[in-house]
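1. When you get a sec, could you give me coordinates for this:
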Amino acid sequence: MKKLLTLTLVCICFFGQVLSQNEDGKVTLPESIQFDEIIINSIEVAGNKLTKDFIITRELDFKIGDTLNTIDSKSKFLGMQKRKAIGDSSELLLRLHYSRENIINTKLFMTVDIGIEQTEGNAYKLLIEVTERHYWWIFPVVKLNAPNFNEWIRDPDIADVSMGLFFSHNNLFGTSQQMSIAGYVGKSYAALLGYRIPWIGHGKKTGVTFVAAYQNLYTVEYGSLENKRQMLYEDNSFQNFIYGAKFKFRTGLYNYINVTLTGEWVQISDTLFSLDTNFLAKQKKINNSFSVYVDYTYDTRNSKSYPLYGNHLKAFINKEGMGFISKDVDYFYYGIDFRFYQKLSERWYVAEMVKLENSSGEGRPYHYQMNMTDKDDYIRGFDLFTLKGDAMYYTRNNLKYVLVKPNKRKVKEDQKGSKFKALQYAFYINLFADAGYVTNKFTEDNPYNNKMLYSWGLGIDFVTYYDLVLRFEYAFTSIGTNGFFIRFGMPI
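-> Numbers count the residues shown, from 1 in each chain. Okay, here's the model as predicted:
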């Protein structure tokens, strides 16, 4: 599905007295447990004023009635470890940690604390205490009429900014359903409506998301010369309307199958067509298509917002154009995306990712080419260039040092229970090295296509609650360039 809205969030951070060094909760066990194995025979959930209990308990890594081993380093469960970051290797502690992280990854809670309490003999009650997030959101949307933020910031002009609003409720009915409405106006304008139902049907293992969006762009990249973006700045240069549905099937606690059905209508202006008659399929000014995207994902990351350990493995196929709406678009893409995160010591972590994506055939129209300088697909340091083609292969790698451990700082004294009473934050230093290759044999005068590219450098990540990650990076590249870049979102 094409990315319609580019959102730039401006956060004002308030600092005060340090409260604790608690990231997002903890696991607490009794000082001693007399049994080699215990049985979890009941659950008590507290702090969820809106969220239903089953939304929380469905994320547990075990079931009521399960027997858990309490002995360190000798448990048979060791061979099943999904994340190797916990010093104590007992099955009990590992499963409690996994369960707490799974609940945090629902993105419904700021903190999750888990513990156990003896009820009788070797039977124990599981205690879960959560602090809910703020679920109503309304904030400004900023759409830059520029190729990207790093190009705009080098010559900023407020006239090149379209403004709007984003409204969302992220936990309707206490069942994690989400409704979102967004839009912006200016030289470019757009509107979006989305609704997500996380789990429906028997066993609550199927989720569905519906979306409809329209955009009209003033700024369009229509080509490249020496891998520099060739841009058109004109009203009504590019319009498209997208509608679709995404189905998520949770086949296991860490296993997912996603199926996305997308329809797209796209129209370009006469000026854009004159600049590149091969911008859309079949050298037309209007394309209609219906596409199907399918992936299988195995995800054991400790945090989906900023993972430090775990794995994320994905294999995917994407068929753009099914032939029953229009035969203009007929392209097939496939690939794999592997991401690995590991803790080396108390403050050192390492992360690596490899993505390989290919397509059947060659010589795609510009609108349907893969882009290795996109929001998600990129190698650092090449933000001012464009790398597009029929196949791309790249890797990003980080050696991470915890400069400031996850902390909370108090911002309000008098509002007990306020969801904004403490700011969570952390700082990480990253030493990074990336490499990538784009195949494009049909675009001339672009020396960085069909060539292995490298980059390396140093960066600092600012991570705070509500999933905000702000990155500052200085990168050197194999083509002899270097520079300072600002990015949003986790590096890997």
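2. Tell me where the model's unsure across the stretch 351-492 of the chain.
-> For the stretch 351-492 of the chain, the stretches with pLDDT under 70 are 408-423, 465-466.
3. what about 90?
-> Applying pLDDT under 90 to the stretch 351-492 of the chain flags residues 360-363, 374-375, 405-425, 441-445, 464-468.
4. what's stretch 325-334 in contact with?
-> 263, 280-282, 284, 287-291, 316-321, 323, 357-361, 364, 368, 370 (Cβ atoms under 8 Å, 6 or more residues apart in numbering). Every residue, glycine included, has its C-beta placed from N, CA and C.
5. hey, what's the nearest residue to Met322 once chain neighbours are set aside bridged with?
-> Sequence neighbours aside, Phe290 is the residue nearest to Met322 in space, at 4.8 Å (criterion: Cβ to Cβ, 6 or more residues apart in numbering). Bridge pairing for Phe290 (DSSP bridges) gives the partners Gly263.
6. for the longest helix anywhere in the chain, packing partners?
-> The longest helix of the chain (DSSP state H) is helix 91-104. Contact here means 3 or more Cβ pairs under 8 Å, 6 or more residues apart in numbering; DSSP states H and E; on that basis helix 91-104 packs against strand 27-28, strand 67-69, strand 109-120.
7. Just the buried subset of the contacts of stretch 325-334, please.
-> Listed as buried from these are 263, 280-281, 284, 287-291, 316, 318-321, 357, 359, 364, 368, 370; burial here means 16 or more other Cβ atoms under 10 Å.
8. Now intersect the residues you listed with the strands, please.
-> Cross-referencing the buried ones among the contacts of stretch 325-334 against strands under DSSP state E gives 263, 287-291, 316, 318-320, 357, 359, 370.
9. if we take those, which one ends up nearest to Asp383?
-> The closest of those to Asp383 turns out to be Met370 (Cβ to Cβ; 16.9 Å).
10. before we move on, the earlier item: got TSV for the helices and strands packed on helix 91-104, with distance to Arg339, mean neighbour count and mean pLDDT too?
-> Shown next, in TSV, are these (distance: least, Cβ to Cβ, whole Å; neighbours: other Cβ atoms under 10 Å; pLDDT from 0 to 100):
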stretch	distance to Arg339	mean neighbour count	mean pLDDT
strand 27-28	25	16	91
strand 67-69	29	18	91
strand 109-120	23	18	93
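11. my read: Ile39 touches Ile64, true?
-> No: contact criterion Cβ atoms under 8 Å: Ile39 and Ile64 do not qualify, at 9.1 Å.
12. ok, longest strand in the protein?
-> From DSSP E, the single longest strand across the chain is strand 228-252.
13. What strands flank that strand, and is each parallel or antiparallel?
-> Sheet pairing of strand 228-252 (DSSP bridges) gives strand 206-225 (antiparallel), strand 255-268 (antiparallel).
14. any idea of the mean pLDDT in it?
-> In this model, strand 228-252 has a mean pLDDT of 95.
15. quick one: buried residues of it?
-> Neighbour-count burial for strand 228-252 [16+ other Cβ under 10 Å]: 229, 231-232, 234, 237-244, 246, 248, 250.
16. how about those, which pair is most distant?
-> Going by Cβ to Cβ, the pair spanning the buried residues of strand 228-252 furthest: Glu234 and Arg250, at 45.4 Å.
17. quick one, which residue of this structure lies the farthest from its center?
-> Gly121 (44.1 Å; Cα atoms, centre = their mean).
18. count of neighbours near Asp445?
-> For Asp445, the neighbour count with other Cβ atoms under 10 Å is 11.
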